[in-house]
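In: Dropping the sequence and predicted coords here.
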Amino acid sequence: MLKLAGFLIVFCLVVSGGISDASAERRVAFVIGNGDYRHTSVLPNPKNDADDVSAALKRSGFEVVLGIDLDENAMRESAIRFSRAARDADVAIIYYSGHAIQFNGVNYLIPVDSRLRDEADLRRMIRLDEMVADLQQAKNLRILVLDACRDNPLAETLKRSIGRTRAAAVRQGLAKINSPEGMIVAFSTQAGQVAEDGFGRNSPYTTAFLRHIEADTEIGTVFRRVSADVYAATKQKQLPELSLSLIGEFYLRGRPAPNTASAAPAVPDPAAVAWETVKGTVDPQLVQAYLKEFPNGIFAALARSRLRSLTATKVAAGAFAVPPKLSVDKVKPGEELQDCDQCPKMVVVPAGTFVMGSAAGEKWRNKSEGPPRQMTIARPFAVSKFEITFDQWEACALEGGCNGLKPKDSSWGRGRRPVIHVSWDDAKVYLEWLSQKTGKPYRLLSEAEWEYAARGGTTGAYATGTAITTLQANYDASVAIGQRNAVAYRGKSVEVGSFTPNPYGLHDMHGNVMEWVEDCWNPDHNGAPDDGSPRGGDCKRRVLKGGAWYYEAAYLRSAARQSYPAQTRLNVVGFRVARTLQ
């Protein structure tokens with residue numbers, strides 16, 4: 001039997017100091033072995049693979065959520081358990097062994113009760129990009145392992161059902177993942193190709209993986225050795241694809257004792273390591289922080305040049321409209337304003353005082369949401385009535401802004417849907433264009449401003465009270481309702497303004513897509529400024545608020561908070577904007 005281009009490892013490392021201390025980390029893993037399929041060929045290896053990988057990871061200090069032969073409901077339930085665990089994890093792994101398929105460039109994992117009579121049945125399967133979104137919550141290291149069988153009759157069934165013309169969308173192997181910066185991607189063979197299943201207890205790649213994963217060896221070396229073993233074991237028929245993009249080192253089993261008889265290894269220049277994390281930023285504050293830390297470093301001159309380019313006026317000939325003269329905003333709380341036809345509609349939010357964070361007894365409360373702190377928003381400010389849409393983003397790109405980026409829409413449509421697959425850095429570039437076009441001070445909301453605006457003067461978990469329904473927001477209610485249908489789970493974003501606004505006149509503050517805010521990540525609200533201004537902290541990660549179409553109601557609460565690396569682009573992430581009133 002052959003296996004789908006299949007043993008995929010996505011390994012993403014966010015390095016702060018170069019060497020990871022394994023002893024201080026919380027590690028979680030989600031391990032799945034699906035082999036006892038009811039409507040397609042049974043696979044002999046996945047149970048063995050999952051049991052063996054689970055045991056190896058437990059020996060390396062992981063808390064493991066193990067699932068064998070999961071149907072659709074069990075697979076989604078287990079994914080939710082893992083998603084909650086990953087929120088507080090430093091290291092997270094998902095390991096999957098079983099059938100998988102790609103259609104139109106999207107990868108799907110197949111539960112054991114799945115049928116694939118036509119394209120609509122793909123909705124009963126688990127999208128890989130949704131699982132990656134859960135994985136991205138881990139703070140330091142994220143690994144996705146996919147050992148998926150390729151001799152898959154379900155793929156042939158789908159080809160026959162959709163006709164010869166569209167059958168080209170069902171392709172051999174799995175689609176290659178576009179890796180964000182700092183990610184390692186390793187396939188068991190070249191992307192889109194087939195790999196051998198082998199004749200032993202485990203597949204050739206899994207066998208090699210198990211042989212090396214517990215070694216006290218730097219992780220990059222581990223994967224190189226795995227690749228070499230697979231190539232040799234398959235008599236040069238299967239060449240794994242490996243892409244490494246790391247700064248620093250990571251040891252799953254701890255760093256080995258140094259050999260004092262040999263020369264000490266060269267220590268990387270801290271200024272060079274830090275420069276790799278900020279050289280592509282569009283945030284001048286990060287560059288300023290770098291220069292403050294390394295004023296005489298080897299990249300100081302480049303950093304000063306980068307800072308000048310970020311703070312200089314960027315009005316190239318014809319690139320931006322000439323901004324109008326400064327004017328006074330004669331608007332009152334509750335009123336709307338719009339600075340240009342392509343600009344977002346803004347609602348004026350009143351000044352006021354509120355308690356930020358969740359109370360000790362709030363259902364689904366997470367420790368990062370405390371302690372509750374009283375905040376004072378001293379002046380009214382304007383907030384976009386809706387999340388920024390594809391139409392608004394494309395207006396920016398057409399006028400020479402937004403770096404010409406055309407974000408993916410996950411085949412859901414564009415127009416008035418919220419723009420997705422945009423990073424925090426991308427949002428800042430949009431704001432630069434919008435401010436330059438209008439002459440007005442547009443920005444992201446601070447986390448405190450966002451929660452204040454989302455609550456709309458209420459004090460419950462949601463602006464709707466202590467609970468929320470899918471008639472009020474776009475989110476996954478399938479577990480709470482006990483069935484998965486179009487009412488409980490839409491499975492994608494919807495057009496902005498599809499639901500009733502909150503008391504401040506703002507739409508979709510709960511659900512649809514998570515929204516970037518200005519703040520750097522902090523583990524809780526201790527030390528947060530009481531004036532509602534943005535916080536510093538771990539600025540490689542930025543805060544997101546509001547939950548999304550993919551998440552449960554717990555993530556939609558006004559106090560709920562998550563974080564992703566600032567360069568992350570996902571189909572659950574978008575943003576809205578604020579403007580300081582003049």
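Out: Done, it's in.

In: Would you map the strands across the stretch 301-450 of the chain?
Out: Along the stretch 301-450 of the chain, the segments classed as strands by DSSP state E, counting those that start in this stretch run 336-337, 346-349, 352-356, 373-377, 381-384, 442-443.

In: Can you lay out these as a markdown table showing distance to G400?
Out: Bear in mind the C-beta positions are built from the backbone N, C-alpha and C, glycine included. Output for those, formatted as a markdown table (distance: least, Cβ to Cβ, whole Å):
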| stretch | distance to G400 |
| --- | --- |
| strand 336-337 | 25 |
| strand 346-349 | 23 |
| strand 352-356 | 39 |
| strand 373-377 | 35 |
| strand 381-384 | 22 |
| strand 442-443 | 17 |
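
In: And the ones you listed: which comes nearest A480?
Out: Ranking these by proximity to A480 (Cβ to Cβ) places strand 352-356 first, at 26.4 Å.

In: List the buried residues for the closest one?
Out: Judged by neighbour count using 16 or more other Cβ atoms under 10 Å, the buried positions of strand 352-356 are 354, 356.

In: coming back round to it: mind putting the strands of the stretch 301-450 of the chain in TSV, distance to V278 and mean pLDDT included?
Out: TSV is the format used below for those (distance: least, Cβ to Cβ, whole Å; pLDDT from 0 to 100):
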stretch	distance to V278	mean pLDDT
strand 336-337	35	94
strand 346-349	31	96
strand 352-356	29	96
strand 373-377	30	95
strand 381-384	28	97
strand 442-443	20	96
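
In: between those, which one is nearest to R484?
Out: Nearest of the strands of the stretch 301-450 of the chain (Cβ to Cβ): strand 381-384, 32.1 Å.

In: Give me the contact list for that closest one.
Out: Under the contact criterion Cβ atoms under 8 Å, 6 or more residues apart in numbering, strand 381-384 has outside partners 329, 331, 337, 344-349, 445, 449, 453, 504, 506, 576-581.

In: Which among those residues count as buried?
Out: Counted by 16+ other Cβ under 10 Å, the contacts of strand 381-384 give 329, 337, 344, 346-349, 445, 449, 453, 504, 506, 576-579, 581 as buried.

In: who wins for proximity to E432 among the strands of the stretch 301-450 of the chain?
Out: strand 442-443 (8.7 Å).

In: Tell me the strands beside the closest one, with direction?
Out: strand 578-580 (antiparallel) (DSSP bridges).

In: What mean pLDDT does the strand it pairs with get?
Out: Average pLDDT, strand 578-580: 95.

In: can you map out the helices along this protein?
Out: 46-59, 72-86, 128-135, 153-166, 204-212, 219-233, 270-278, 284-293, 300-311, 390-398, 424-438, 447-455, 478-481 (DSSP state H).

In: Quick one, which of the ones you listed gets closest to G537.
Out: Nearest to G537, of the helices of the chain and by Cβ to Cβ, is helix 447-455 at 10.6 Å.

In: Which neighbouring elements make contact with that closest one?
Out: Other elements packing on helix 447-455 under the criterion 3 or more Cβ pairs under 8 Å, 6 or more residues apart in numbering; DSSP states H and E are strand 346-349, strand 352-356, strand 373-377, strand 381-384, strand 514-521, strand 538-545.

In: Would you mind writing the CA trace of it as PDB?
Out: In PDB, the C-alpha atoms belonging to helix 447-455 read as follows (Å, rounded to 0.1, in the frame of the first residue of the first chain):
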ATOM      1  CA  GLU A 447      -7.000  45.600  24.000                       C
ATOM      2  CA  ALA A 448      -8.800  47.700  26.600                       C
ATOM      3  CA  GLU A 449     -10.500  49.900  24.000                       C
ATOM      4  CA  TRP A 450     -11.600  46.700  22.200                       C
ATOM      5  CA  GLU A 451     -13.200  45.100  25.300                       C
ATOM      6  CA  TYR A 452     -14.800  48.400  26.200                       C
ATOM      7  CA  ALA A 453     -16.300  48.800  22.800                       C
ATOM      8  CA  ALA A 454     -17.400  45.100  22.600                       C
ATOM      9  CA  ARG A 455     -19.200  45.300  26.000                       C
END
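
In: mean confidence for it?
Out: 97.

In: How about stretch 120-129?
Out: On average, stretch 120-129 scores 87.

In: could the helices of the chain go into TSV alongside distance to P565?
Out: TSV is the format used below for those (distance: least, Cβ to Cβ, whole Å):
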stretch	distance to P565
helix 46-59	24
helix 72-86	14
helix 128-135	12
helix 153-166	34
helix 204-212	26
helix 219-233	18
helix 270-278	10
helix 284-293	13
helix 300-311	19
helix 390-398	21
helix 424-438	8
helix 447-455	17
helix 478-481	28
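
In: worst average pLDDT in these?
Out: Across these, helix 153-166 gives the lowest mean pLDDT, at a mean of 47.

In: Summarise which helices and strands the longest strand belonging to the chain is packed against.
Out: Taking DSSP state E as the criterion, the chain has its longest strand at strand 91-103. For strand 91-103, the packing partners by 3+ Cβ pairs under 8 Å, 6+ apart come out as strand 27-33, helix 46-59, helix 72-86, strand 106-109, helix 128-135, strand 141-149, helix 153-166.

In: and the helices of the chain, which is most packed in?
Out: Per residue and on average, the most neighbours among the helices of the chain fall to helix 447-455, with a mean of 26 (mean count of other Cβ atoms under 10 Å).

In: looking at it, G61 is touching R27, isn't it?
Out: Yes: shown here, G61 and R27 form a contact pair, counting by Cβ atoms under 8 Å, at 5.3 Å.

In: thinking again about what came up before, dump the helices and strands packed on strand 91-103 into TSV; add distance to T470 as well.
Out: Putting the helices and strands packed on strand 91-103 into TSV (distance: least, Cβ to Cβ, whole Å) gives the following:
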stretch	distance to T470
strand 27-33	26
helix 46-59	33
helix 72-86	16
strand 106-109	24
helix 128-135	18
strand 141-149	29
helix 153-166	29
